[in-house]
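Engineer: only geometry, no sequence info:
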């Protein structure tokens, strides 16, 4: 049972919701916001994030949102255990180190009734390579995508690129109907659900696709609401407005578990929270200082306090343990050691010259700023605990919250000290996605930290081009050990996904890469 205070808050929130509904009915009876349907085979759910300006999966990260609601699919995908499987493909053959032949699943139809064939797949993938696509650079390794038959395509790369097949799991590579109209307003894919309607930044409605290649979905239809606030999502479920929510507020998990009315799902994800370090300025360019910051963190305290002990696990290395490429089983967890921290700070040239209890740098007052954003509720409280941990070793620190776009601009210009961010480390399952961006000297994120290590560049390039899995693992192991030594980024914790559903919901699964949420297997008991 929830506490009395929670009950009172919930009751008041329900009164406000009822009042708001009454007012909205008085003001306008003709609204685009669909009313929840309570038929026996209709699911209402609330997700934390959703599309805004477009529904086209080729645009930035929109592919994630439209896949999550069951509209689109890719040639390959990962299951709930991060095992790679063919989806719209049936398999592949590596013809040479630069040629991949992919066999396509036959009998697959788009929501508009047309048949998915090689022409449609070539069309879809080439949209990503268009010069106007903001994420085109991620697929610059591809030279051509062609087809000589109706059920196979051939991808030729500019150089040997081992993660080619894994890269096709990114929802930006969703297969779309070439015969569709404006995909930005009317999605047409091959997923278990087809598009009905969309209210910008509010909700999307879908219905089952009877000709779905993997069997008829168990649900008739779904209304999916996009609700950024976790407590609001929770109230919607407790009031019966929705049946399933993602991102349960950490403080409410135990009450839900004890209620008997809901099932809570938890799983470690591939999302990591870490600090960018601006190595372009002093003393952050000193590895002793960066190591001092790394060892000043009490990661377990951050998890226990900011995440209620259940929202994540303390980070050990770069990759979460759920990744098959992680070296966490070989790493000794970093324990906060105040004596060692002060030694490292002294070696980096920080000392208290005026006896006020704060460390100075080169005889001048010194302060660290940690910038972060509010889109993810774990960020700000985590940054505030890091602030207290730094201050306990004499480092004056302040936390600044800003819009993520403003932070990005400052980071590009080198105008920051530390930035606390959350990243999906390996959405395509392969480390190259994150490593090439963050640790290769030419990577966009490495440009923000100023990190450059020729040996790391060599390991990343070698891992990218060799087809030998054991050699790739060795190269990536080396990268992870070196990053722990160089500390261009300081890893804090790995997030656990926490979702909840009414006990009448069945067939729901969690995926560590957060790409898949609503599938043909979900049903109402």
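Structural biologist: That came through fine. Here the structure is a predicted model, which is why all the values come from computation and not from measurement. Residues are numbered from 1 along each chain as shown.
Engineer: which phi and psi does residue 57 have?
Structural biologist: For residue 57, the backbone dihedrals are phi -70, psi -10 (criterion: degrees, to the nearest 10).
Engineer: In this structure it contacts residue 66, no?
Structural biologist: Yes. The pair residue 57 and residue 66 passes the contact test of CB atoms under 8 Å, sitting 5.3 Å apart. Placement of C-beta: from N, CA and C, glycine included.
Engineer: Which residues are in contact with each of the two?
Structural biologist: Counting by CB atoms under 8 Å, 6 or more residues apart in numbering, the common neighbours of residue 57 and residue 66 are 72, 171, 174, 187, 189.
Engineer: And those, which two are furthest apart?
Structural biologist: 171 and 187 (11.8 Å; CB to CB).
Engineer: So for the two, which residue has more residues nearby?
Structural biologist: Set residue 171 next to residue 187 and count neighbours by other CB atoms under 10 Å: residue 187 wins out with 29 against 23.
Engineer: Tell me who's in contact with that one.
Structural biologist: By CB under 8 Å, 6+ apart, the residues touching residue 187 are 55, 56, 57, 66, 71, 72, 111, 176, 180, 195.
Engineer: Geometrically speaking, which residue is the centre of this structure?
Structural biologist: residue 424 (3.7 Å; CA atoms, centre = their mean).
Engineer: what residues are up against that residue?
Structural biologist: When contacts are counted by CB under 8 Å, 6+ apart, residue 424 is found next to 269, 270, 271, 513, 514.
Engineer: Which one of the residues you listed sits in the busiest neighbourhood?
Structural biologist: residue 270 leads the contacts of residue 424 on contacts (other CB under 10 Å) with 25 neighbours.
Engineer: Just say helix, strand or coil for it.
Structural biologist: Taking DSSP: H, G, I helix; E, B strand; the rest coil as the rule, one finds residue 270 in the strand state.
Engineer: wait, it sits on residue 511?
Structural biologist: No. Between residue 270 and residue 511 there is no contact under CB under 8 Å: 9.4 Å.
Engineer: Neighbours of residue 109, how many?
Structural biologist: The number of residues near residue 109, taken as other CB under 10 Å, comes to 16.
Engineer: measure it to residue 185 for me?
Structural biologist: Per CB to CB, to the nearest Å, residue 109 is found 21 Å from residue 185.
Engineer: likewise residue 66?
Structural biologist: Separation of residue 66 from residue 185 (CB to CB): 12 Å.
Engineer: Looking at those two now, which is surrounded by more residues?
Structural biologist: Shown here are residue 66 and residue 185; by other CB under 10 Å, residue 66 has more neighbours (28 against 11).
Engineer: wait, is that one part of a helix?
Structural biologist: Yes. The assignment for residue 66 by three-state DSSP puts it in a helix.
Engineer: Quick check: pLDDT value at it.
Structural biologist: At residue 66, the model reports a pLDDT of 98.
Engineer: Name all residues that make contact with it.
Structural biologist: 51, 55, 57, 72, 171, 174, 187, 189.
Engineer: one step back: adding distance to residue 342, write the shared contacts of residue 57 and residue 66 out as a markdown table.
Structural biologist: Shown next, in a markdown table, are those (distance: CB to CB, whole Å):
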| residue | distance to residue 342 |
| --- | --- |
| 72 | 53 |
| 171 | 47 |
| 174 | 52 |
| 187 | 57 |
| 189 | 57 |
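Engineer: now the residues you listed as CSV including secondary structure, pLDDT and distance to residue 406?
Structural biologist: Below are the shared contacts of residue 57 and residue 66 laid out as CSV (DSSP: H, G, I helix; E, B strand; the rest coil; pLDDT from 0 to 100; distance: CB to CB, whole Å):
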residue, secondary structure, pLDDT, distance to residue 406
72, coil, 98, 31
171, helix, 97, 27
174, coil, 98, 30
187, coil, 98, 31
189, coil, 98, 34
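Engineer: if we can go back for a sec, which residues are common contacts for residue 270 and residue 511?
Structural biologist: With CB under 8 Å, 6+ apart, residue 270 and residue 511 have common neighbours residue 82.
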